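>>> Model the structure of this input:
(2 chains)
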Amino acid sequence: MAFRNYLAKRLVGTAFSYLVIATMIFFMFRQIGDPLGLHISPNMSPQQVTELKEVFGLNDPWYVQYFTFLKGLVTFNWGISFYYMESTYGIVTQRLFNSLLLTLPAILIGYIGGILGGIYLGWKRGQPSERLGMIIALLFRSTPRFWVGILLIFVFGAKLGLFPMSGMLSPGSEFGGHLELLVRPDFYWHAALPIASMTLYLMGLPLLLMRTSMLEVINMDFVDLIRAKGASEQRVMYRHVARNAMLPVSTAFAVAIGFSFGGNVLVETVFSYPGIGRLMVNSVFRGDYPVAQFSFLIMAAVVLVMNLVADIAYGYLDPRVSYE
Amino acid sequence: MSSQTDSPPDRTVPQTSELQRRLTKFRETLSIVFDNDMAKVGAVMLTLFVLMAVFAPVITPNVPDERVTTDDGSWVKEAGPSAEYPLGTTTQAYPIFSQLVYGTRIAFIAGLLTALMVGGIGTLAGIVSGYYGGVTESAIMRLVDITYGIPFLPFAIVLIIVVGGGSIFNIVFAISLLLWRGTARVIRSEVISIKEQPMITAAKASGASNKRIMLYHILPKVLPTSVLYSVFAIGWAIIAEAGLSFIGLGDPDMLSWGKMLNTAYVGNAIQLDMWNWIIPPGLFITLFVISAYFVSQGIEEVVNPQLREP
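Next up is the predicted model:
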């Protein structure tokens, strides 16, 4: 019962946060320059301008526009892009999937690598290899992702010519849907470097968290008991300590999925990858706010949902958590 | 606070010992921080950066925002490293080494301003919400929850464009507007437990105002945590500034490392094989961030005494 109440409270809280963020974004984007600057030329008659504005719903007073905007959030009718002149929904969702194809593998590889690395470091406590590992992890976290991307392009793209320097597919090849992408070697060839630049950064946090968490568990009584039973040190570490130390990392994982989109904006820019982050940045610069605001709101939705998942998962994974 | 006794003449004695006690405490804290080897390394690195920022004109042979020209007035473009231009010149004939060294100043401005703002806002919000509780607490914590749902960099991008141009202050403002949340949350939970201590009850009973209690009794206790989170913010600020400058939203009047990377990327440094233009700025960002991070490792040992045991 307590859990149900907690869940209901968190759901309402999340919905409220989303509404506030959406409202803030609605008003912020309407401060950016002339949205139809792209289409309106000085030799248009005032009537033509009015007609054009009518197409985009810009003649309505702000509260009508705001209501349409809120309705769009629920019905997924996000209007027409000023720049592409087609449905915003189609453009944004396609780019979102493109981004997911980079982000999910990067997070998965980063977290698996980071967890294993963290276990190793926790196990090697006080030895030089722990110190070295810590410094490497800190280095990863302190290095801007986009610069790592530039370096990778520089070395593996320009110098060695092993990987393409930008884009999602080779020029001239046709995009046949996201499922079809998954069986094309050309896509993986393009995705390798951006995924690598994200992975190196993302690996740092689970590595450090896992290490700290291992150190906390290592001194617990049950570990001595298992040791006394004659289990090998390796088994103690990987099977027993690590399992209990996973808790903070598993919630960080969910939160990382939410937040990584934000940081990937830059990686997508460096690699000219058609993802949602780059779409948002370009749309902001173009004043194409239907696209910009919904790209932003999709990213915000992912963050909020993942935070919620993290909180609920934490309670599920750790029975000691109480929901007052 | 120690003058709870009934003998007024003794007042001056506890006062001086109070100051001495604080000084000793401060020295002890510092020695805990710098007992950590990482913090030592970080402090040395930061000191080197400070020297670089202060003595930039002495260190660099050329002015960063003036093109390097030959005697006949033609530009020295894409030069390789030499004694005259230690890291060569850009495609627009600007000296890379000078830009790099002067960039340290911007890094400090961005880092320290953000740390101050994040620390200030976060600590204030944390203390006020933790101390007063009730509606005040709910309102502030609601706000914190909302900021946790906002994707950091995209928000900074939108905000800077809305505010109109990325002056360094707008960038710091945009970063701080979101980063205070972490500080506020942690400080609040500390304040909640401090509030229950008999010392606070005693202060209240002796008629101290809320403002005085927050300022003299609670603030000193949460200060180490507040400093820790402020130091974390330095790293965030540098990386965020670099990212924003990289997509062209940096301060147009300032030469930051992020902006150097932007001009290098846009100026085709990759295709031109100019490692001397691509590698140094990114390396400096990493070194700066990591040195702040190293120092924070030492501060963390003050905040979490358990970490001190070997």
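
>>> drop to CA atoms for contacts and neighbour counts, all remaining ones
OK.

>>> Residue of the stretch 201-310 of chain B nearest chain A, please.
When you check the stretch 201-310 of chain B against chain A by C-alpha to the nearest C-alpha, the closest residue turns out to be B:Thr286, at 4.8 Å.

>>> Mind telling me what element that residue is part of?
For B:Thr286, the enclosing helix or strand under DSSP states H and E is helix B:275-303.

>>> hang on, the residue of the stretch 201-310 of chain B closest to chain A packs against A:Thr143?
Yes. Look at B:Thr286 against A:Thr143 with C-alpha atoms under 8 Å: they come within range, at 4.8 Å.

>>> Quick one: residues contacting B:Lys77.
Contacts of B:Lys77 were listed using C-alpha atoms under 8 Å, 6 or more residues apart in numbering or on different chains, and they are B:68, B:89-94.

>>> what's the most distant pair in those residues?
Taking C-alpha to C-alpha as the measure, the contacts of B:Lys77 span a maximum distance of 10.9 Å, between B:Val68 and B:Thr91.

>>> More neighbours: those two, which one.
Counting neighbours by other C-alpha atoms under 10 Å in any protein chain shown for B:Val68 and for B:Thr91 shows that B:Val68 has the greater number, 23 against 19.

>>> which ones are touching that one?
For B:Val68, the residues meeting the contact criterion (C-alpha under 8 Å, 6+ apart) are B:62, B:75-77, B:89, B:93-95.

>>> Looking at those, which is nearest chain A?
For chain A, the nearest member of the contacts of B:Val68 is B:Thr89. The distance, counting by C-alpha to the nearest C-alpha, is 18.4 Å.

>>> distance of that closest one from B:Pro95?
In this view, B:Thr89 and B:Pro95 are 4 Å apart by C-alpha to C-alpha, to the nearest Å.

>>> Neighbour count: those two, which is higher?
Set B:Thr89 next to B:Pro95 and count neighbours by other C-alpha under 10 Å: B:Pro95 wins out with 31 against 27.

>>> so that one sits right up against B:Gly88, yeah?
Yes. The criterion here is C-alpha under 8 Å, and B:Pro95 meets it with B:Gly88 at 6.2 Å.

>>> where along chain B do the strands fall?
Chain-ordered strands for chain B, with DSSP state E as the definition, do not occur.

>>> Show me the contact partners of the helix or strand bottoming out on mean pLDDT in it.
Using mean pLDDT, DSSP states H and E, the weakest-scoring helix or strand in chain B turns out to be helix B:12-35, at a mean of 76. Identification of contacts with helix B:12-35 by C-alpha under 8 Å, 6+ apart yields B:2-3, B:39-40, B:295, B:297-302.

>>> Same question for stretch A:114-124.
Stretch A:114-124 is contacted by residues A:129-130, A:133-134, A:203-212, A:214-215, A:237-238, A:242, A:249 when judged by C-alpha under 8 Å, 6+ apart.

>>> got a list of what whatever residue of the stretch 101-250 of chain A ends up closest to chain B touches?
Closest residue of the stretch 101-250 of chain A to chain B, C-alpha to the nearest C-alpha: A:Thr143 (4.8 Å). By C-alpha under 8 Å, 6+ apart, the contact set of A:Thr143 is A:201, B:239, B:282-283, B:285-286, B:289.

>>> For it, give me phi and psi.
Comment: the main-chain dihedrals of A:Thr143 come out as phi -90, psi 130, following degrees, to the nearest 10.

>>> What pLDDT is listed against it?
On the pLDDT scale, A:Thr143 is placed at 91.

>>> now swap in the one 3 residues further on and tell me
The predicted local distance difference test score for A:Phe146 is 92.

>>> likewise the one 4 residues further on?
A:Ile150 is assigned 93 on the pLDDT scale.

>>> Tell me the spacing between it and B:Ile96.
Look at A:Ile150 and B:Ile96: by C-alpha to C-alpha, they are 18 Å apart.

>>> Spell out which residues of chain B are next to chain A.
Within reach of chain A by C-alpha under 8 Å from any C-alpha of the partner chain, chain B has these residues: B:145-146, B:148-155, B:157-159, B:161-162, B:235, B:239, B:242-243, B:247, B:261, B:265, B:270-271, B:273, B:278-279, B:282-283, B:285-287, B:289-290, B:293.

>>> Kindly recompute the last result at 7 Å.
With C-alpha under 7 Å from any C-alpha of the partner chain as the criterion, chain B comes near chain A at residues B:146, B:149-154, B:162, B:239, B:243, B:270-271, B:282, B:286, B:289-290.

>>> Please, which helix or strand holds the residue in the stretch 201-324 of chain A that chain B sits nearest to?
Among the residues of the stretch 201-324 of chain A, A:Leu304 lies nearest to chain B; the distance is 4.9 Å by C-alpha to the nearest C-alpha. Secondary structure assignment for A:Leu304, by DSSP H and E: helix A:289-317.

>>> other SSEs contacting that helix?
In terms of contact count using 3 or more C-alpha pairs under 7 Å, 6 or more residues apart in numbering or on different chains; DSSP states H and E, helix A:289-317 is assigned the packing partners helix A:2-29, helix A:88-123, helix A:242-270, helix A:276-286.

>>> Buried residues, it. List them.
Neighbour-count burial for helix A:289-317, with 16 or more other C-alpha atoms under 10 Å in any protein chain shown as criterion, is recorded at A:289-308, A:310-312, A:314.

>>> With stretch A:180-199 instead?
A:181, A:187-188, A:190-191, A:193-199.

>>> Flag whichever of the residues you listed scores worst on pLDDT.
For the buried residues of stretch A:180-199, the weakest pLDDT value sits at A:Leu181, with 77.

>>> Could you pull up the contacting residues of that one?
Remark: with contacts taken as C-alpha atoms under 7 Å, 6 or more residues apart in numbering or on different chains, A:Leu181 is in contact with A:Phe187.

>>> switch the cut-off to 8 Å
By C-alpha under 8 Å, 6+ apart, the residues touching A:Leu181 are A:175, A:187.

>>> Likewise for B:Gly149?
Residues in contact with B:Gly149 (C-alpha under 8 Å, 6+ apart) are A:17-18, A:21, A:300-301, A:303-304, A:307.

>>> how about the helices in chain B?
Using DSSP state H, the helices found in chain B span residues B:12-35, B:37-54, B:56-59, B:96-132, B:134-148, B:152-163, B:168-195, B:198-205, B:210-212, B:219-246, B:257-266, B:275-303.
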